[in-house]
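Undergrad: Sequence and predicted structure are below.
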Amino acid sequence: MRFRVLGFLTLAVAGSLCTGSADAQSVGTQWTGCYIGGNVGHARSEMDALSRDGFWAFPYGEPLGSLNVSGAIWGVQGGCDYQFRRVVIGLQGGIDGGNVQGQPHIPYNPNFVLGPDVRSITTFTARLGYEVSPALLFYLRGGVAVVKEQINSANLITSASSNVRWNGSLIGVGFEYLLRPEISLFAEYNYIDVGSHLVEIANGPIVELDQKIQTAKVGVNFRFLTGGR
């Protein structure tokens, strides 16, 4: 919850600074065009675990607790936008990697540890924006996310890992600000629902993991094929 509030506060501050800038009224460039760029940020993975096995350590159907890890992310993105009056629509694809990993102890039985190592988050989204000023765009985005990760687990005797690729849904909100017709900066918050999946812990019990990932990112886009006013 604190991560989500921090993400929205970051966007609110960014928006207020941009709308107060004198340059925001002087750029006067359309958002129509394409772009490529990079980003950095922070991600938090939250997993709720539920026993789906009659294993002695975890009675069937027993909630096992929350398994949360976080870390830095970085990546690239690209897409195209089309502007009609103050409305901007667009498509974007991107991929982020980073250092979102850990092996927290399972609260129900601390003799077991379980956690993800998020290797990459690939997104395909559409966005709908509103031109607040000639240089400032507020937007909503939504689409699909493909999460590749390694699920690591261990008990007092053995350990195991498995590589998985899970598909989920993404919704997000952000601001983008034109420094120049060919360069823009953005800040955005995204919420990814990876869904529920079954995994085996250290070659033993089966658990169901319900995973959500939140990301807060800032980045730069280099724009081309742009329209002018």
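TA: Perfect, thanks for sending it. Numbers count the residues shown, from 1 in each chain.

Undergrad: Contacts made by stretch 36-43 with the rest, please.
TA: 3, 70-78, 94, 96, 98, 100, 118, 121, 186, 213-222 (Cβ atoms under 8 Å, 6 or more residues apart in numbering). Backbone N, C-alpha and C define where each C-beta goes, glycine included.

Undergrad: and the closest residue to residue 116 other than its chain neighbours, what helix or strand is that in?
TA: Using Cβ to Cβ, 6 or more residues apart in numbering and skipping the chain neighbours, the partner closest in space to residue 116 is residue 149 (4.6 Å). Using DSSP states H and E, residue 149 falls within strand 136-154.

Undergrad: send the alpha carbons of that strand over as CSV?
TA: This file holds the C-alpha atoms of strand 136-154, laid out as CSV (Å, rounded to 0.1, in the frame of the first residue of the first chain):
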residue,chain,number,x,y,z
LEU,A,136,2.3,18.0,-20.9
LEU,A,137,0.4,14.7,-21.5
PHE,A,138,-1.6,12.9,-18.8
TYR,A,139,-2.3,9.3,-19.8
LEU,A,140,-3.8,6.0,-18.8
ARG,A,141,-2.5,2.7,-20.2
GLY,A,142,-3.6,-0.9,-20.2
GLY,A,143,-2.7,-4.2,-21.8
VAL,A,144,-0.9,-7.5,-21.2
ALA,A,145,2.4,-8.3,-19.4
VAL,A,146,4.5,-11.4,-19.8
VAL,A,147,6.5,-12.1,-16.7
LYS,A,148,9.6,-14.4,-16.8
GLU,A,149,10.9,-15.4,-13.4
GLN,A,150,12.7,-18.2,-11.5
ILE,A,151,10.8,-19.5,-8.5
ASN,A,152,13.3,-20.5,-5.8
SER,A,153,12.4,-22.6,-2.8
ALA,A,154,14.2,-24.5,0.0
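
Undergrad: Check what pLDDT residue 73 gets.
TA: On pLDDT, residue 73 comes in at 98.

Undergrad: quick one: low-confidence ranges for the protein?
TA: For the chain, the stretches flagged by pLDDT under 70 are 1-29, 55-56, 227-229.

Undergrad: Where do the helices of it begin and end?
TA: 2-19 (DSSP state H).

Undergrad: circling back: return the residues in contact with the residue nearest to residue 116.
TA: 116, 117, 118, 119, 163, 164, 166.

Undergrad: Those residues: which two are farthest apart?
TA: Spatially, the most separated pair among the contacts of residue 149 is 117 and 166, at 13.4 Å (Cβ to Cβ).

Undergrad: Quick check: buried residues in the strand holding residue 149?
TA: Residues of strand 136-154 classed as buried by neighbour count (16 or more other Cβ atoms under 10 Å): 136-139, 141, 143, 145, 147-149, 151-154.

Undergrad: got it, and stretch 79-90?
TA: 79, 81, 83, 88, 90.

Undergrad: strands paired with the strand holding residue 149, and their directions?
TA: Here strand 136-154 is paired, per DSSP bridges, with strand 113-133 (antiparallel), strand 159-180 (antiparallel).

Undergrad: Single out the most deeply packed of those.
TA: Mean neighbour counts were compared across these using mean count of other Cβ atoms under 10 Å; the top stretch is strand 113-133, at a mean of 19.
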